[in-house]
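**Q** model the following, please.
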Amino acid sequence: MTYSRLFGGALDRVLGRACDARVWAYQSAAVRIGMGGVWLLLLVHEFWRRERIWGPDAPWSWRLAEDSLDRSHAFSVLRWSGGQLWFEVFYLLSAAVAVALLLGWRTRTASLLFLVSVLSLDHRNENVLNAGDTIFRITAIYLVFMRAGQVWSLDARRRGRLADADRPDRTGVVLWAACGLVLTGATLLAVLTGGWALLLWGCWAGQAVWRGVRDRPGARRTLELIGHVVHNGAVLMLMIQVCLLYASAGWYKIQGASWQDGTAVYWSAGLDWLEPYPALSHALSSHPYTVLALTYGTVLVQVAFPFSVLDRRVKNVLLALLFAEHIGIGLLLGLPYFSLSMIVADLVFLPTGFLVAVRERAAGLVARLRRPPLPDRDERPAPDADGVGAGR
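**A** Numbers count the residues shown, from 1 in each chain. As a prediction, the model looks like this:
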C-alpha cells in the first residue's frame with residue numbers, strides 16, 4: 001500500500017508538471033530571444049556578402065544546390081524561384097521574422113517562419129556556417145512546438161491588453177489569412193509538394209481549429225492541455241539533444257590521440273585559417289600547462305555535463321564552464337555563430353530563479369532610466385524664513 005501511494009504520488013507530480021504551462025516558460029523564452037538575436041546578427045553581418053553565399057549567382061551554383069536538394073529531399077523556399085528579386089525579398093523577410101521572434105510578436109507563427117528561414121538558407125548552401133547550422137536547425141525545430149512567448153514577449157503584453165479590453169484579435173486573422181494565400185499559391189504552382197506541404201498545411205489548419213474552438217470552454221481546455229504537454233515535451237527533447245551532443249563530442253575526443261596526450265588545443269590554436277587573433281592564439285599555445293589543462297578540461301566537462309543534470313549545483317558550475325568554452329572557441333578559432341548558437345541552446349538549462357532575477361534587475365534598470373531626473377540644487381525652491389519651501 002505504501003509503495004502504491006508513493007508511486008501514485010510520483011506519477012501525479014510528473015503528470016502535473018507535464019501539463020503545467022509555467023514549466024520552463026523562462027527557459028523557452030530565453031532560447032527564443034537568443035535564437036532570434038543570433039540569426040538576425042548573422043543576416044545583418046552577411047548582408048554585404050549575401051550574394052556570394054546564398055544568391056542566384058553564388059559560387060555554389062543554383063544547379064549544384066538543386067542537385068543537393070534532390071539527393072537529400074531537403075526543403076528550401078529559395079528553390080521556388082531562381083530570380084534575384086525572390087532572393088532579396090526572402091532575405092529581408094527572414095530578417096523581419098528574426099526580429100518578430102526576438103520580440104515575441106506572434107510567436108507561434110514567427111517560430112514556424114523562422115524554421116522555414118533557417119532551412120531555406122542553410123539548404124541553399126550547407127558549406128558556410130561551420131556546424132552552427134546544425135544547432136540552428138535543431139533549435140528551430142523544437143521552438144515550433146514550444147510556447148516560447150509566455151513571458152518576455154509582445155504576445156504576453158498583448159494578451160493582457162486584450163483580456164482587459166475584450167477586443168478581437170484582427171491582426172492574427174490577417175496574418176493567418178496571408179499565410180494561407182502563400183501556401184495556396186505555392187501548392188497550385190506545384191513548388192510546394194510532398195511531406196513539407198502536409199506539414200505546413202497542417203500547421204495552418206491547426207491555427208484554424210484553434211481559432212474556431214477557443215471560445216468554447218471545453219474544447220479550449222483540451223487544446224490548452226495538449227499545448228502544455230507538447231511545449232514541455234519539446235523543451236525536454238531539446239535538453240536531451242544537447243546532452244547527447246556533448247556526450248558524443250566528448251567520447252569522440254577521448255578516442256583521439258591528440259586529446260589523449262593533451263596537445264589538441266595546441267594544434268587547434270596553430271591553424272592559420274582559424275586564427276582571427278594570432279597574437280592571442282600564440283600566447284595561449286606557448287604555455288604547455290595551460291594547453292594541457294584546457295585539453296583535458298574540455299573533454300571532462302563535455303563528458304560530465306549530461307550526468308550533471310541530476311545535481312543542480314554541479315550542473316550550474318559545468319554550464320558556466322561550457323559558456324566559457326564556447327566563448328573561447330569563438331575568439332580563438334573564429335567560429336562566432338557556432339559558439340553563439342551553442343550558448344543559446346545551453347540557455348535551456350539555466351535555473352528559473354536566475355532568469356527571474358535577471359528579469360527583475362532589468363525591470364528595475366528600465367524603471368530607473370524612465371524616472372525623471374531630480375532638479376539641480378540651484379533650481380530647487382529656496383526655503384522661506386520659517387524653513388519651509390516657498391512653493392508649499
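
**Q** the host helix or strand of residue 245: which residues count as buried?
**A** Counting by DSSP states H and E, the element that carries residue 245 is helix 217-254. Buried residues in helix 217-254, defined by neighbour count with 16 or more other CB atoms under 10 Å: 223, 227-228, 231-232, 234-235, 238-239, 241-243, 245-247, 250, 253. Where you see a C-beta, it was placed from the backbone N, CA and C, and this is true even at glycine.

**Q** now for that helix, which elements pack on it?
**A** In terms of contacts (3 or more CB pairs under 8 Å, 6 or more residues apart in numbering; DSSP states H and E), helix 217-254 is packed against helix 2-18, helix 25-45, helix 132-145, helix 194-213, helix 288-308, helix 336-346.

**Q** nearest to residue 85, out of these?
**A** helix 25-45 (17.8 Å; CB to CB).

**Q** buried ones in the helix or strand following that closest one?
**A** With elements assigned by DSSP H and E, the helix or strand that comes after helix 25-45 is helix 50-54. Neighbour-count burial for helix 50-54 flags 51, 53, 54 (criterion: 16+ other CB under 10 Å).

**Q** enumerate the positions of stretch 193-210 that are buried.
**A** Residues of stretch 193-210 classed as buried under the neighbour-count rule (16+ other CB under 10 Å) are 196, 197, 200, 203, 204, 207, 210.

**Q** near the closest residue in space to residue 342 that isn't next to it in sequence, how many other residues are there?
**A** In space, and not counting its chain neighbours, residue 342 is closest to residue 326: 5.0 Å by CB to CB, 6 or more residues apart in numbering. By other CB atoms under 10 Å, the residues close to residue 326 number 21.

**Q** surely residue 326 meets residue 341?
**A** No: checked against CB atoms under 8 Å, the pair residue 326 and residue 341 is beyond contact range at 9.1 Å.

**Q** how close does the closest residue to residue 42 other than its chain neighbours get to residue 226?
**A** Take residue 42 and drop its neighbours on the chain: the residue closest to it by CB to CB, 6+ apart is residue 337, 5.6 Å away. Going from residue 337 to residue 226 by CB to CB, to the nearest Å gives 34 Å.

**Q** repeat that for residue 300.
**A** Taken as CB to CB, the span from residue 300 to residue 226 is 41 Å.

**Q** state the pLDDT value of the most centrally placed residue in the chain.
**A** The chain has residue 35 as the residue nearest its centroid, 2.9 Å off, counting by CA atoms, centre = their mean. On pLDDT, residue 35 comes in at 96.

**Q** okay, now the unreliable bits of the stretch 251-392 of the chain?
**A** 373-392 (pLDDT under 70).

**Q** can you name the residues that contact residue 40?
**A** Residue 40 makes contact with 95, 98, 99, 102, according to CB atoms under 8 Å, 6 or more residues apart in numbering.

**Q** so which of the residues you listed wins on neighbours?
**A** The most crowded member of the contacts of residue 40, judged by other CB under 10 Å, is residue 98 (25 neighbours).

**Q** that one and residue 343: what is the separation?
**A** For residue 98, the distance to residue 343 equals 17 Å [CB to CB].

**Q** cool, and residue 266?
**A** 24 Å.

**Q** next one: residue 322
**A** Taken as CB to CB, the span from residue 322 to residue 343 is 8 Å.

**Q** same check, this time on residue 301
**A** Residue 301 is 14 Å from residue 343, by CB to CB.

**Q** about what we covered before: identify, from the buried residues of stretch 193-210, the entry nearest to residue 122.
**A** residue 196 (14.6 Å).

**Q** wait, isn't the closest one in contact with residue 76?
**A** No: judged on CB under 8 Å, residue 196 makes no contact with residue 76 at a distance of 9.8 Å.
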